[in-house]
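S.K.: Sequence and predicted structure, then a few things I'm wondering about:
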Amino acid sequence: MNEDSTISIKDLLLLLWSRIWVLIISLAVGAGAAYAYTTFAIDPQYSSHISMYVQTYTGITNDQENAYNDISKSKQLINTYIQVLKDDAVMESVGKELCNQFDENIISESFSMANGNIKPSSLASHISITTVTDTSAITITATTKNAELSAAVCNELCKQANYFTDKAIGVGEIKSIDTARVYPNPVSPNKTKNTVIGGLALMLLAVFVIFLIDFFDNTIKEPEVLSAKYKKAILGEIEDVATSKSKKNSEEHISLLNNDVPFNVVESFKAMRTNIGFAISTSDKKALIVSSANPGEGKSTTAANIAITMADEGQKVLLIDADMRKPVQHKIFELKNDRGLSSVLSKMKKAEDCIQKTAIPALSLMTCGPIPPNPSELLSSAVTAGLLKKMSEEYDVIIIDSPPINVVSDTLNLSQNVAGLLTVVRCGYTAQDDIKELMSKTELAHMDMLGFVLTRVKRKNSGRYYKRYGKYHYYKDYSYGYGEPYEKKEEKAEKKKEEKK
């Protein structure tokens, strides 16, 4: 989240949609883990039950009033009967009978044992005794890891109920109509329920993590926010080539000299060329610095491609690699770096001897040359100012690829000799704090900030739309409108066939 930004429900939904694969994978992993845990780690539980009825009379009477009074008294006795049946003495007696009926291994799977007998508390935890609303009936339910054992618990407790209730209360009796049955299907765990809960739980956790990361994410993502906050223009937005279909352009430095660069990327640099022309038109200096706040934001690639597009337009361009700590321009243009800017500034070579031709006739390159021990001092020397003045007489535009501003002060030493600074910002990588630091340093150096260039911009669609039969269809036209999309050619072919018929 950026400062001073308003978050709407639409923004949150778009954020989740951008991470839809994370949510899908989380849902699948959570559901799979829950299903596996339910299947292999949780033992199945089997349940059985029996219903019993409390009576306070022993015979049958035709007196309806007496019968009604007997039922009312039975209801009053139910809670007392339940407490008696849950007593440890009852549980201990039932447990002894179960030990006589089943093998110890079967019993120990469900109950805790002590001195060869079932612990009363353990047996009671597997038994549930409930009342039936507005009746004198109670239901005993037993749940264990063995279906036969569960039925036996219910039946044994029912057999001993009258003995203990008569001994404790002495009023009424408990009767049952049938015996508890063995149900072979487990009542738990519920695989479907657990699988759904596991999948949803992990997906909700993923949603929380996504929101949490986004909340603390202070990187630049929106060009409008960047422009409004720092009152500087966005001179260009370069799409991330990783989002395009070109697999060959996944390397770090994408040069427009390559024929397989996506059309939309080429057009973005051409549009940027026009914007830069307007930005420097009011300055009497021809040199332009291209830099960034930190390494890895695409400044060198941007500088090279700006130089290429300007040279394609017919301007005489000189590209200078002033990053004398980590030079890359000679790699981009596949030229030697045995001599260059460091050679000129140290007065070891003449400028004309260090300028190399590129594949574009109007574009020349002065590589970094051998890496010197004192690059900052060389760039701040009078020799640098004299070099730029001399080159300005020979070239229409001079583009300087300089080191990251927040890392070293080399770039700031050139402030008095250039028209301004073009700052490269990598979307989702450059932090707001980095931009603040850069702006503060450039203001102290009295360097004119021309604007921002955003790199690695992710777009879902980079083509255009055309209308067919009242509906809009998407297509990519790499001839920039001079060719026809395949669908229109297909329509013409169909019309010709109909005319022939």
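M.R.: Great, that's in hand. Residues are numbered from 1 along each chain as shown.
S.K.: how about the strands in the stretch 201-350 of the chain?
M.R.: 234-239, 287-292, 317-321 (DSSP state E, counting those that start in this stretch).
S.K.: closest one to L438 among those?
M.R.: Nearest to L438, of all the strands of the stretch 201-350 of the chain, is strand 287-292, at 8.1 Å by C-beta to C-beta. All C-beta spots, glycine's among them, are computed from the backbone N, C-alpha and C.
S.K.: Columns distance to K389 and mean neighbour count on top of the strands of the stretch 201-350 of the chain, output as CSV?
M.R.: CSV is the format used below for these (distance: least, C-beta to C-beta, whole Å; neighbours: other C-beta atoms under 10 Å):
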stretch, distance to K389, mean neighbour count
strand 234-239, 25, 21
strand 287-292, 9, 27
strand 317-321, 13, 27
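S.K.: Redo these as JSON lines? Include mean pLDDT and distance to M391.
M.R.: As requested, those are exported to JSON lines (pLDDT from 0 to 100; distance: least, C-beta to C-beta, whole Å):
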{"stretch": "strand 234-239", "mean pLDDT": "90", "distance to M391": "23"}
{"stretch": "strand 287-292", "mean pLDDT": "95", "distance to M391": "8"}
{"stretch": "strand 317-321", "mean pLDDT": "96", "distance to M391": "6"}
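S.K.: Please identify which of the ones you listed is closest to T411.
M.R.: Taking the strands of the stretch 201-350 of the chain one by one with C-beta to C-beta, strand 287-292 is closest: 4.9 Å.
S.K.: Summarise which helices and strands the closest one is packed against.
M.R.: Applying 3 or more C-beta pairs under 8 Å, 6 or more residues apart in numbering; DSSP states H and E, one finds that strand 287-292 contacts helix 299-312, helix 382-394, strand 397-401, strand 420-426.
S.K.: which residue packs closest to A419, ignoring adjacent ones?
M.R.: S283 (3.7 Å; C-beta to C-beta, 6 or more residues apart in numbering).
S.K.: who does the host helix or strand of T139 pair up with?
M.R.: Using DSSP states H and E, T139 sits in strand 137-144. Using DSSP bridges, strand 137-144 pairs in its sheet with strand 46-55 (antiparallel), strand 127-131 (antiparallel).
S.K.: ok, now how distant is the residue nearest to G236 when sequence neighbours are not counted from I9?
M.R.: Spatial nearest neighbour of G236, chain neighbours left out: M272 (3.2 Å); criterion: C-beta to C-beta, 6+ apart. Remark: distance between M272 and I9 (C-beta to C-beta, to the nearest Å) = 35 Å.
S.K.: Looking at the two, which one has more neighbours?
M.R.: The residue with more neighbours, out of M272 and I9, is M272; 23 against 7, by other C-beta atoms under 10 Å.
S.K.: Check what pLDDT that one gets.
M.R.: pLDDT, M272: 91.
S.K.: for it, what are its contacts?
M.R.: Each residue near M272 by C-beta atoms under 8 Å, 6 or more residues apart in numbering is listed here: 235-236, 238, 306, 309, 453.
S.K.: pLDDT below threshold where in the stretch 51-200 of the chain?
M.R.: 56-76, 171-172 (pLDDT under 70).
S.K.: need the strands for it, in chain order.
M.R.: 113-114, 117-118, 127-131, 137-144, 173-176.
S.K.: Would you mark the buried spots in the third one?
M.R.: Buried residues in strand 127-131, defined by neighbour count with 16 or more other C-beta atoms under 10 Å: 127, 129, 131.
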